[in-house]
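Undergrad: Predicted model and sequence follow; I will ask about them next.
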Amino acid sequence: MKHFLKETDFGPSELGALFGLARELKAKRGRHATPLAGQTWAMIFSKSSTRTRVSFEVGIHELGGNPLFLNKNDIQLGRGETIADTARVLSRFVHGLVVRTFDHDEVQQLADIGTIPVINALTDLLHPCQTFADAFTLAERWGRGGDLVGSLRGRKIAFVGDRGCNVANSWILGANLFGMKISLAGPTGFDAAPEFDQLLGREGFAGGYQFTTDPFEAVRDADVVYTDVWVSMGKEEETAERIRVMSPFAVTPALLAAAKPGAFFMHCLPAHAGQEVTQEVLDSPRSIIFDQAENRLHMQKAIMATLALSARP
Ligand code: CP
Ligand code: NVA
């Protein structure tokens, strides 16, 4: 049974087929096969969402399935029923689970104890659906008509801002999986949680990544400048301190200009213009933020179709 809890749940040899399927599903939207026909996929969300919720609901529907959105507080999980019992019960009813929560261990437990595919739709630790859709967005441009995944190899991504957040962690795993270089710039004291180092240890992670406190150093020779909000969901009480220490890491036109000529600007969204990025950069021709958002749909459909196939008896 295949799950998608972290980038490395797909091996390098599987990426070509996955990205190719995303491209096909995008090109044939409205007239492709429906591999989730007759299935219901539940979506348990403990945090807010626009892109992830809508792209999964629409994606499940377009693959022929029925999306069942469950706010954590509307089900017994929100009143203390265990993850283990929730996993066992939902496995009797539905064919797949899409989960957005705080503690990464919850998605791991749902996958370990349930008997249906589980997709991580964002935890405090990782946001793998985002990085795969982002990588597909870049591959569409760089690998036009040809080798999508191969077009990523050797490219450099610079992540600037909250270098310890879920999207930054995911890009460390993603960059190494895709054969890209990654440099992260942010203030000291906001490193990844210890769980991330433990995960890298369990993965036997031998890949490279650089940290610096100089955003201009990070973006040098970068093909992509990426940022995320400074205050992730669940960190709201640290807002004032985060804005204070992360202000030097805003993506401005000057910072983007210090990357490679033609470098793309990316942001997972939602954005806070005037904090982590200026409105000018968000609106610039180098910004591909809405292509990233759209590709959430196509890549997640490819992921669900692949997982559904692996779950067939
Ligand atoms: N990028 C992303 O996951 O957006 P949402 O929080 O709106 O789902
Ligand atoms: N790092 C952000 C990503 C939102 C899509 C958060 O966790 O809130």
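TA: Received the coordinates, thanks. Ligands and ions are numbered 1, 2, ... in the order given.
Undergrad: Least confident secondary structure element in this protein?
TA: Taking mean pLDDT, DSSP states H and E as the measure, the chain has helix 194-203 as its least confident helix or strand, at a mean of 94.
Undergrad: so what does it touch, helix or strand wise?
TA: helix 166-178 (3 or more CB pairs under 8 Å, 6 or more residues apart in numbering; DSSP states H and E). C-beta: built from backbone N, CA, C; applies to glycine.
Undergrad: After the helix it packs on, which helix or strand is next?
TA: Under the assignment DSSP states H and E, the closest C-terminal helix or strand after helix 166-178 is strand 181-185.
Undergrad: how about the strands in the stretch 151-300 of the chain?
TA: 156-160, 181-185, 210-212, 224-227, 264-267 (DSSP state E, counting those that start in this stretch).
Undergrad: what about the third one, average pLDDT?
TA: For strand 210-212, the per-residue pLDDT values average out at 96.
Undergrad: what's in contact with that strand?
TA: Residues outside strand 210-212 that contact it (CB atoms under 8 Å, 6 or more residues apart in numbering): 163, 182, 183, 184, 185, 186, 218.
Undergrad: For the closest residue to the fifth one other than its chain neighbours, give its distance to residue 162.
TA: With sequence-adjacent residues excluded and distances taken as CB to CB, 6 or more residues apart in numbering, residue 185 is closest to residue 218, at 3.6 Å. According to CB to CB, to the nearest Å, residue 218 stands 13 Å off from residue 162.
Undergrad: element containing the residue in the stretch 51-200 of the chain positioned nearest to ligand 1, please.
TA: The stretch 51-200 of the chain approaches ligand 1 most closely through residue 52 (3.2 Å), counting by CB to the nearest ligand atom. For residue 52, the host element (DSSP H and E) is helix 51-62.
Undergrad: After that helix, which helix or strand is next?
TA: strand 66-71.
Undergrad: Run the contact check for that following strand versus ligand 1.
TA: No: judged by CB under 6 Å from any ligand atom, strand 66-71 makes no contact with ligand 1; its nearest approach is 12.7 Å.
Undergrad: buried stuff in that strand?
TA: Applying a neighbour-count criterion of 16 or more other CB atoms under 10 Å, one finds 66, 67, 68, 69, 70 buried in strand 66-71.
Undergrad: same thing with stretch 71-82?
TA: 72, 77.
Undergrad: That stretch: end-to-end distance?
TA: Taking CA to CA, to the nearest Å, stretch 71-82 runs 16 Å from one end to the other.
Undergrad: Not counting that stretch itself, show me its contacts.
TA: 44, 45, 46, 83, 86, 101.
Undergrad: Contact residues of the stretch 101-250 of the chain facing ligand 1?
TA: Within reach of ligand 1 by CB under 6 Å from any ligand atom, the stretch 101-250 of the chain has these residues: 122, 130.
Undergrad: ok, 8 Å please
TA: 121, 122, 127, 129, 130, 167, 233 (CB under 8 Å from any ligand atom).
Undergrad: Now a ChimeraX select for only the buried ones of the residues you listed.
TA: Restricted to buried positions by 16+ other CB under 10 Å, the ChimeraX selection for these reads:
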select :121,122,127,129,130,167
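Undergrad: Look up the pLDDT of the closest residue to residue 181 other than its chain neighbours for me, please.
TA: In this structure, residue 181 finds its nearest non-sequential neighbour in residue 156, 4.3 Å apart by CB to CB, 6+ apart. For residue 156, the model assigns a pLDDT of 98.
Undergrad: Equivalent analysis for residue 57, please.
TA: 98.
Undergrad: Show the contacting residues for the closest residue to it other than its chain neighbours.
TA: The spatial neighbour of residue 57 that comes closest, neighbours along the chain excluded (CB to CB, 6+ apart), is residue 67 at 4.3 Å. The contact partners of residue 67, by CB under 8 Å, 6+ apart, come to 40, 41, 43, 56, 57, 60, 61.
Undergrad: Now a ChimeraX select for only the buried ones of those.
TA: Only the buried entries of those go into this ChimeraX selection, using 16+ other CB under 10 Å:
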select :41,43,56,57,60
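Undergrad: Can you say which helix or strand has the residue nearest to the spatial centre of the chain in it?
TA: With distances taken as CA atoms, centre = their mean, residue 130 lies nearest the centre of the chain, 2.2 Å away. In this structure, residue 130 sits in helix 128-142 according to DSSP H and E.
Undergrad: quick one: that helix to strand 156-160, angle?
TA: Counting by axes from the mean of the first three to the mean of the last three CA atoms, to 10 degrees, helix 128-142 lies at 130 degrees to strand 156-160.
Undergrad: any weak-confidence spans in the protein?
TA: For the chain, no stretch has pLDDT under 70.
Undergrad: What parts of it come near ligand 2?
TA: Counting by CB under 8 Å from any ligand atom, the chain sits next to ligand 2 at 47, 49, 51-52, 122, 124, 127, 130, 162, 165-167, 228-229, 231-235, 268-270.
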